[in-house]
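Colleague: next come a sequence and a model predicted from it.
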Amino acid sequence: MPRGERNQVWYPELVVLLRSEWRPDLSWETIMELRGQLQGHLEQLRARRGIVPAAVHCRSCGTTAPAAPPVISVRAMLLAVGRYGIETHEVVRQRERAWTGYRAQHDLDLVGRRAADHGSEHNHLETHQGDGLVVLRRTPTKTDEAG
């Protein structure tokens with residue numbers, strides 16, 4: 001694995017997809033769908049290349065486990081649109097402000113899901129081994145267990 005690839009999110013293939021799908025007049029619903037599409041491609045790309053997250057030590061529970069895989073937020077996608085010259089930085093700034101308002105108005109999280117529909121998560125995965133399979137799942141927090 002090339003150096004730094006484990007932490008990379010914006011692979012050239014994703015930038016090409018973002019360039020081809022981005023339009024200045026996209027609705028927020030379409031932008032959230034595009035974010036989901038990019039996230040899916042990122043996950044497939046990392047799986048194909050055998051890229052696994054680095055191990056991290058969780059200060060909350062003391063566990064050492066693989067870090068949660070990277071997630072492309074709507075804001076990260078908007079910033080990438082500016083970073084890769086797809087839109088001007090001024091247009092990106094305006095979209096960022098509009099996204100902040102839209103997010104608050106509709107009670108959405110960073111990726112565009114309803115904030116109340118899911119609990120908070122640790123930043124690592126719990127690993128279980130059995131029958132030769134390794135199953136990774138997010139570690140529930142105390143707020144998840146209470147609800």
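Modeller: Now that the structure is in, tell me what you want to look at. Residues are numbered from 1 along each chain as shown.

Colleague: and the pLDDT at C58?
Modeller: Predicted confidence (pLDDT) for C58: 80.

Colleague: just give me the neighbour total for it.
Modeller: Using other Cβ atoms under 10 Å, C58 is surrounded by 14 other residues. (Glycine included, C-beta is placed from N, CA and C.)

Colleague: any figure for the gap between it and L42?
Modeller: 23 Å (Cβ to Cβ, to the nearest Å).

Colleague: element containing the most centrally placed residue in the chain, please.
Modeller: Central residue of the chain (Cα atoms, centre = their mean): V71, 1.4 Å from the mean position. Per DSSP states H and E: V71 is located in neither a helix nor a strand.

Colleague: need the contact list for it.
Modeller: By Cβ atoms under 8 Å, 6 or more residues apart in numbering, V71 lies in contact with Q39, L110, V111.

Colleague: again, but for G112
Modeller: Contacts of G112 by Cβ under 8 Å, 6+ apart are W28, I31, M32, R35, V74, R103.

Colleague: and if you look at G82?
Modeller: T88, H89, V91, V92.

Colleague: once you drop chain neighbours, what's closest to E21?
Modeller: Sequence neighbours aside, L34 is the residue nearest to E21 in space, at 5.4 Å (criterion: Cβ to Cβ, 6 or more residues apart in numbering).

Colleague: give the contact list for the residue nearest to E43 when sequence neighbours are not counted.
Modeller: Leaving out its chain neighbours, the residue that sits closest to E43 by Cβ to Cβ, 6+ apart is P69, at 6.9 Å. By Cβ under 8 Å, 6+ apart, P69 lies in contact with E43, R46, P53.

Colleague: now, those that are in helices?
Modeller: E43, R46 (DSSP state H).

Colleague: any low-confidence regions in this structure?
Modeller: 1-7, 117-147 (pLDDT under 70).

Colleague: can you give me the helices for it?
Modeller: Using DSSP H, helices in the chain cover 12-21, 28-48, 74-83, 89-106, 142-146.

Colleague: please report how far the nearest residue to H89 once chain neighbours are set aside lies from Q44.
Modeller: Leaving aside its sequence neighbours, H89 sits nearest to G82 (Cβ to Cβ, 6+ apart; 4.9 Å). According to Cβ to Cβ, G82 stands 25 Å off from Q44.
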